[in-house]
Structure formats: structure tokens, C-alpha cells
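*Asks:* Model the structure of this input:
(2 chains)
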Amino acid sequence: MNIRAQVSSVFHLDKCIGCHTCSIACKNLWTDRKGVEYMWWNNVETKPGTGYPTQWENQEKYRGGWEKKGDRLQLRLGGRGGLLGNIFHNPRLPTMDDYYEPFTYRYGELTSAPAGNDQPTARPVSMISGRPMKIEAGPNWDDDLSGSGIYAANDPGVLQLSREQRAQMFAVERLVMLYLPRICNHCLNAACLAGCPSGAIYKRGEDGIVLINQDKCRGWRMCVSACPYKKTYYGWATGKSEKCVLCYPRLEVGEAPACFHSCVGRIRYLGVLLYDADRIEAAAMQDDKDLVAAQRQIILDPFDPQVLAAAGKAGIAEQVLEAAQRSPVYLFVKKWQIALPLHPEFRTLPMLFYVPPLLPVVSEEHLGTQRLVDDYFTTLENARLPLQYLAGLFTGGNTEEIKAVYRKLMAVRIQRRRITVGDLSESEVAKARELGEVSAEQIEAIFRMTALTSIRQRIVVPPMLREQAIEAGMDPERHKQEMGFGSRRSPKRRW
Amino acid sequence: MKNGWLRQVSLLLICYLWFCFPPSACAADLVDGDPQRGKALFAGTTSFAQGGAPCLACHGIAGRGMGMAGGASFGPDLTSIFDDYGAEGIVGTLDDLTFPSMEPIYATRPLTAEEQADVGAFLAKTAEEAQLPTVSRMTGHVAIGLAVISALLVVFGRGRLQGVRRPLVLGVRTGKGGRR
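*Replies:* Numbering: from 1, shown residues only, chains lettered A, B, ... in the order given. Just a heads-up that it's a prediction; the model follows:
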């Protein structure tokens, strides 16, 4: 056993209202600079939809993630020879149009226009060329299904469905959507890291955050292709690639990352998971349908004395283990098993998990309003959003896995409905619990963690113990006198 | 005074005669040289009598394809040396070879008068016959090379980085690609 700690998270999609506050918080904090205008380390997209960048899930085009080659894993981008052959002109990149051409408006013209007969207007101008432009795309262009005939219909997940399923899904007054907020998954088997020719990307030992060393990055952009989630971006002004840093400077002082902190719907949970690094490769080698279960297996129980002893030996501090025991992520992912990784079939073992949304699946349109279908418990196969679509998103196509999650989520609804509305009998609730394989106490715990938590329960930032990390390499007193906030060179081309 | 004037005129006269008919007592006459033997001496197939190193050890003759492989690149190329130096220059140079890098070798191993004549004749013949690649020809070669490389780049690079969104939208609008 080779135990490591990973700061990981859960996004509860039933709670996301698609307000983009997370994106704005991140933008203002990290990517409000020249050359990175197009970057959204945190973005919220609408599903079904093609997302940002367009059709990022289509690995035929972008070649992200891993594939099984015989008895070993290989980057879908190719082996070392292939990487070297493409190093000066990598064709597996999103173009600027696939992200979107960043734009602003000439607001000054609203106040400085000379007096005339026309109302002054603020024309959109490109933030790249400065010339007036026609806005044709944006980071969430398919928001709320606008342009769904193009963007929702060409969602790679939708394209995998059968003709009947698509027709059913796109029928008038049936089409539904869900919001999918995305940040870097800080994967256990990160493909960006493996694809980097400069060796600039690393996974921090103490918390598993994946970072790009701005001194070592040479801007080859192989990480941009290799990341199947398209969550590394190339900074045009600095000539370096950048990505979500999980706000590690905030984590190090005990604060939640900016997108977590600002989340209006309180959908974001953060906590430490313990995992067995020796089993990563075996877990990533499973068949598509078994990937979720395999990933769940390498996550370890922080209450198991054996695990705790091995973790202590591996150098994980007691305070971190204590934080792991309070981790809400452990509850969602391992104990309740209602949180699933996004696209496990990319085989990067992403450590950001999603509680799939219940409402878009079992709601119906009734006299212009949305409500739950009457017999929603038995109609999972006829769900409004086909289960195959959700399985394609969260379980590598395994519908049984996603059904199990939905049975649990429904049992929570039914038990809470009996308590708050009181129109269901106890036998119905008991049947729901039995089908969902979940106890009444667990349901109560799920309900409380979903709806009634404080930020300190939702977001359990482990102590980062920087002083111990410093001590390992340098006398802390000397560090205090000499290093200030640490050595820092601004990222720019130095060759 | 009178004598001094006469002496000056006679000295000038001697100088003029030296200039018109330079004495060739120590230097060989090129006309007597055999270019074939000169070539052998130059390339080292025949050794110099005094043991001096063959010219080709350091000098190439690009006009005859000698020393082209880059081995004989220590000294300058000698294809058109005869045109630059002229007969007198060649004769004088071959006689004492006082260049800093050559002197240590040839001061003690000078070329004999016959050898000088042969090598000189060879160089004269070389300058006469050799055709140096002209600048315009080289420019042509470079241009063709660039054109070939550019064509290859275009052939293999065309359509390498294709967008996704625009073709998708266009395809849906024209009913050719994408799905509706």
C-alpha cells in the first residue's frame, strides 16, 4: 500500500443554478490578464451541448486521455515518437474559434459620441485584433439550450444515442438540460502530465494538486491536447500553458478555492481523500464499465486503523488524516456512492466527482410548469433524459451504475416527502429504501449534507503544513529571513 | 652634383628594365612547367623532392572538384589564384611561401625550381579552365530547395489544424455535416 492524500471535490448538480458566479470569481482572480482572455479555468456548460471548447469530449479530434494498448496504457495522443513528430505543429489543438474569440464592447462610445440623431451604441470589438467583430461563439454559447439544433444536437454524448432516443430527447416540450460546472479534475493519472515534453507538469505530493511549473514550461502545448477535459490552456502573452491551480495559495491559508467560496447554490464540496497509489495503473486498466467501481476501490477508508497506520508511515500528518475523516467527499463518493467521476472512460482517474441531477431526469412539462412525473420511481428507463446519456457522462456507459445512484437519490426524495408533505405511506418509503439499498439514517445524513450544511462542513480544507514542507528542505528561520513569499520569476519566454 | 644626377637617371633606368624584364634566375619559368606533373605534386601522388607537404593537404581546388569533401579547407581555395596573383605573383610566392602558417613547413623544405614551374603551370591551367559555380546558379539552387520544402510543408501541413465549431455550424446550416 502506498497511501497518498488528495484534495478532491464533489459538485452536486441538482443544486447548480447555472449562474456562472464561480467562473467570474475565477476569472477575476486568475485569468484577468493579457493573452489569457479566452481562458476559463472554471466554466459552466449546458448539457446537452458541445461545451467549451466545442466538442471537447470528442477524442477523435482532440486525442485526449489514455487508451489501452495491449496490457498497458498509452496516451491517445501517441507514443514518444508521435509526440516528437508533431512537436512543432501539433494538429490536435482547439482553434481560437473552438474556444471563442474573446470580445469586449466600445463602452467609451456611449459617453463620448458626438451629438447626433442616433442613439450611440457600444459595438463589440475583438480583444485580439481590436477590430469590430460579429460575436458567433462564447464559452457558454449553448447556455439554456440556445442554438440547441446545432449545439445540443451535436453533443458527442447525444451523437452516441440511438435515433429513437435522440428523437425522444429532442421532442417538443421534452428537451431538458442540466448545468455542468467544470474545473481541472486534478486526476490521479493525469494525461497532461504524461504528455508534457518538458516535464513541467507535476502533481503535488502533499495534496495531489496538478500544477504547471512556469519556469520549465516551454509552451509545446502537448498538455492542451493530452488533457481530455481541455483544462490546460496556452497563455499567448507568456508563452506558457496554464491551468486551474485549485487556488492553492488560498488553500494554504485555510480558505476555500474562489469558485467554491463564491458558489451561490452551495453545490461544491471539498475534502481530502486517501488513496492507494500502487493501484492506480490497475484501476485505470479496467474495462470502461468497471472504471467507476475500480476508482472507488482505490479510495481508502480514513477510519480503518490499518489505513491510518500505513498513512502515518507514508508521512501523512495526523491533522490531514483527521481532515480526511471529516471529508464530505469521502461520504458522497465512497460511503453513499452517489457521486461519480466525469467521463471515467478517459482513464485519467479524475478526482472531481458529480452527484448527477435528479430533476432533469424525472420531471415533466405540465401546463407550462415543471413537475415530477407521477410514477417516477418505476419509470427510470423512460427517463426524460435518457440514462444512456447520463451513463455516457458519468459511468463510462454503465447504466446499472447510474441507476443505482438514482435509486438512492429517489429514496432520499421519497423519505423526505413523507416527512415534509406526508402524502406517502411508510411502506412506499421502505420499498424505496430497499431498492436504493440505503438506510433511513443514511438518507437523513444525505439530506443534511445536501441541504443543511455550513461552509465548514461542506468545505474541509486540510492543514497544508507548509512549515513542515519548508523544514524538509531548509531551516525555517533562514527561510523566513531570506525567502519572503518564496522565489518568484514572472512567467515569460526566456529563450 | 653632376654625377649625382646621372646616377639617379641610371638607377631609374635599371629599375625600369627590372620591371620590364624581371630576372628569373631563382624562380622557374612557368612556360617550362608541366601541368600534369604539377597536378600530381599538388595532390600528393608525387612527393615534393624536399619533403614538403602536398598542397591539397590544406588547399582545395573547387573548380576541379579537388578537396570538395571539406578535408582541404585549412587554407583558401586556389581555383582562381592565378588570376588574382598573376604569373609573377605565383612565381614569387611558390619560391619562398612566406605565409605564417606555411613558412614553418616550407622554409626548410622549399620547392625545387622544376616543381615550382610544374605547380605554377598547373595553377595557370586550372584558372583558365575551371568553372566556378556562379552566384546566380547558387541562388537558383537555393530557390528550388526552398520551393520544394515549402511545397512539402503545404502538402503535409494543409488541413492539419482544423477547427471544430465553424465546420459544425456551417454543416448544420447547409445540411451537409453535423446532425440535426
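*Asks:* Just give the number of residues close to the residue of the stretch 301-450 of chain A found nearest chain B.
*Replies:* Chain B sits closest to A:Tyr389 of the stretch 301-450 of chain A, with a gap of 14.5 Å, by Cβ to the nearest Cβ. Backbone N, C-alpha and C define where each C-beta goes, glycine included. Per other Cβ atoms under 10 Å in any protein chain shown, the neighbour tally for A:Tyr389 reads 22.
*Asks:* for it, phi and psi?
*Replies:* phi -70, psi -50 (degrees, to the nearest 10).
*Asks:* can you tell me how far it sits from A:Met410?
*Replies:* 18 Å (Cβ to Cβ, to the nearest Å).
*Asks:* again with A:Leu178
*Replies:* 17 Å.
*Asks:* what do you get for B:Asp118?
*Replies:* Taking Cβ to Cβ, one finds B:Asp118 at 108 Å from A:Met410.
*Asks:* who's more crowded, the two?
*Replies:* The neighbour comparison of B:Asp118 against A:Met410 (other Cβ under 10 Å) goes to B:Asp118, with 27 against 21.
*Asks:* now the more buried one, what's its secondary structure?
*Replies:* Three-state call for B:Asp118 (DSSP: H, G, I helix; E, B strand; the rest coil): helix.
*Asks:* Assumed A:His479 was part of a helix.
*Replies:* Yes: note on A:His479: a helix contains this position according to three-state DSSP.
*Asks:* give me the low-pLDDT residue ranges for the stretch 251-400 of chain A?
*Replies:* Applying pLDDT under 70 to the stretch 251-400 of chain A flags the ranges A:362-382.
*Asks:* Show the contacting residues for A:Leu340.
*Replies:* A:292, A:353-356, A:394-395, A:401-402, A:405 (Cβ atoms under 8 Å, 6 or more residues apart in numbering or on different chains).
*Asks:* ok, now with 7 Å
*Replies:* The contact partners of A:Leu340, by Cβ atoms under 7 Å, 6 or more residues apart in numbering or on different chains, come to A:292, A:353-354, A:356, A:394-395, A:405.
*Asks:* Those residues in helices, which ones?
*Replies:* A:292, A:394, A:405 (DSSP state H).
*Asks:* returning to what we had before: residue contacts, the residue of the stretch 301-450 of chain A closest to chain B?
*Replies:* A:157-158, A:161.
*Asks:* got the residues of the stretch 301-450 of chain A near chain B?
*Replies:* Contact residues, the stretch 301-450 of chain A versus chain B (Cβ under 7 Å from any Cβ of the partner chain): none.
*Asks:* All the helices of the stretch 301-450 of chain A, residue numbers only.
*Replies:* Along the stretch 301-450 of chain A, counting by DSSP state H, counting those that start in this stretch, helices occupy A:305-313, A:318-325, A:328-330, A:359-362, A:387-394, A:399-420, A:426-436, A:440-451.
*Asks:* Those residues of the stretch 1-150 of chain A touching chain B, which are they?
*Replies:* Going by Cβ under 7 Å from any Cβ, the residues of the stretch 1-150 of chain A near chain B are A:54-55, A:61, A:89, A:91, A:93-95, A:97-98, A:137, A:149-150.
*Asks:* Just send the residues you listed back as JSON lines, with neighbour count too.
*Replies:* Shown next, in JSON lines, are those (neighbours: other Cβ atoms under 10 Å in any protein chain shown):
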{"residue": "A:Thr54", "neighbour count": "28"}
{"residue": "A:Gln55", "neighbour count": "24"}
{"residue": "A:Lys61", "neighbour count": "21"}
{"residue": "A:His89", "neighbour count": "12"}
{"residue": "A:Pro91", "neighbour count": "13"}
{"residue": "A:Leu93", "neighbour count": "20"}
{"residue": "A:Pro94", "neighbour count": "24"}
{"residue": "A:Thr95", "neighbour count": "15"}
{"residue": "A:Asp97", "neighbour count": "17"}
{"residue": "A:Asp98", "neighbour count": "23"}
{"residue": "A:Ala137", "neighbour count": "23"}
{"residue": "A:Gly149", "neighbour count": "15"}
{"residue": "A:Ile150", "neighbour count": "22"}
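*Asks:* For chain B, see how far away A:Gly195 is.
*Replies:* 17 Å (Cβ to the nearest Cβ, to the nearest Å).
*Asks:* Check the gap between A:Arg63 and chain B for me.
*Replies:* As judged by Cβ to the nearest Cβ, A:Arg63 and chain B stand 13 Å apart.
*Asks:* what residues are up against that residue?
*Replies:* So A:Arg63 contacts A:76-77, A:92, A:225 (Cβ under 7 Å, 6+ apart).
*Asks:* go again using 8 Å as the cut-off
*Replies:* A:Arg63 neighbours (Cβ under 8 Å, 6+ apart): A:75-78, A:92, A:225-226.
*Asks:* Regarding stretch A:326-335, how distant is the last residue from the first?
*Replies:* 12 Å (Cα to Cα, to the nearest Å).
*Asks:* Stretch A:114-121 now?
*Replies:* For stretch A:114-121, the end-to-end distance is 12 Å (Cα to Cα).
*Asks:* What residues of it count as buried?
*Replies:* By neighbour count on 16 or more other Cβ atoms under 10 Å in any protein chain shown, the buried set for stretch A:114-121 is empty.
*Asks:* from the middle of its chain, how far away would it be?
*Replies:* Remark: stretch A:114-121 is offset 46 Å from the chain centroid, using Cα atoms, centre = their mean, to the nearest Å.
*Asks:* go on, stretch A:304-321?
*Replies:* Going by Cα atoms, centre = their mean, where stretch A:304-321 is centred and where its chain is centred differ by 27 Å.
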